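Trainee: Provided below for reference: sequence and predicted model.
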Amino acid sequence: MVIKDLFIGIISFFIAHLLTFYQLNGQFLKSTNWFRENVIWVAASGIILSFFYIWGTKYAVQGMGGLLWPARFIGFGVGMIIYAIMVNYHFNEGINLKTAISLVLALILICIQVLWKTT
């Protein structure tokens with residue numbers, strides 16, 4: 001496992017999921033109409049977002065010694081955590097027991113993929 005590559009992968013997934021949150025949910029923000037009024041630009045931003053997902057996958061796979069499944073689970077787990085934080089921050093959708101357990105499971109999933117050594 002290469003920690004530097006794994007870290008770059010996780011940061012890339014973090015940025016990708018953060019930007020994707022605004023791309024998909026910006027239309028529901030009451031503080032701005034920009035996302036609703038600029039749908040073409042919002043959709044076109046998907047090109048930039050794709051690079052962060054590609055880099056996240058590339059570096060997470062390299063960081064996990066060439067294994068694909070851990071990179072997928074790490075990307076999924078990071079996305080779940082980012083989404084929960086942003087929905088709570090922007091839309092005051094509190095974290096109920098079901099969501100809290102799901103987030104803990106997402107964190108466990110990341111930890112299993114990063115910390116569990118395979119033979």
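Mentor: Done, it's in.
Trainee: can you read off the pLDDT for the residue nearest the centre of the chain?
Mentor: Ranked by distance to the mean C-alpha position of the chain (CA atoms, centre = their mean), the top residue is Gly79 at 2.7 Å. According to the predicted model, the pLDDT of Gly79 comes to 93.
Trainee: just give the nearest non-adjacent residue to it, would you?
Mentor: Once flanking residues are discounted, Gly79 sits nearest to His17: 4.3 Å by CB to CB, 6 or more residues apart in numbering. Bear in mind the C-beta positions are built from the backbone N, C-alpha and C, glycine included.
Trainee: list the contacts of that neighbour.
Mentor: His17 makes contacts with Gly75, Val78, Gly79, Ile82, Tyr83, as judged by CB atoms under 8 Å, 6 or more residues apart in numbering.
Trainee: buried sites along the helix or strand containing it?
Mentor: Assignment of secondary structure by DSSP states H and E places His17 within helix 3-25. Buried residues in helix 3-25, counting neighbours by 16 or more other CB atoms under 10 Å, are found at 5-6, 8-10, 12-23.
Trainee: the residue nearest to the centre of the chain and Trp34: what is the separation?
Mentor: Look at Gly79 and Trp34: by CB to CB, to the nearest Å, they are 23 Å apart.
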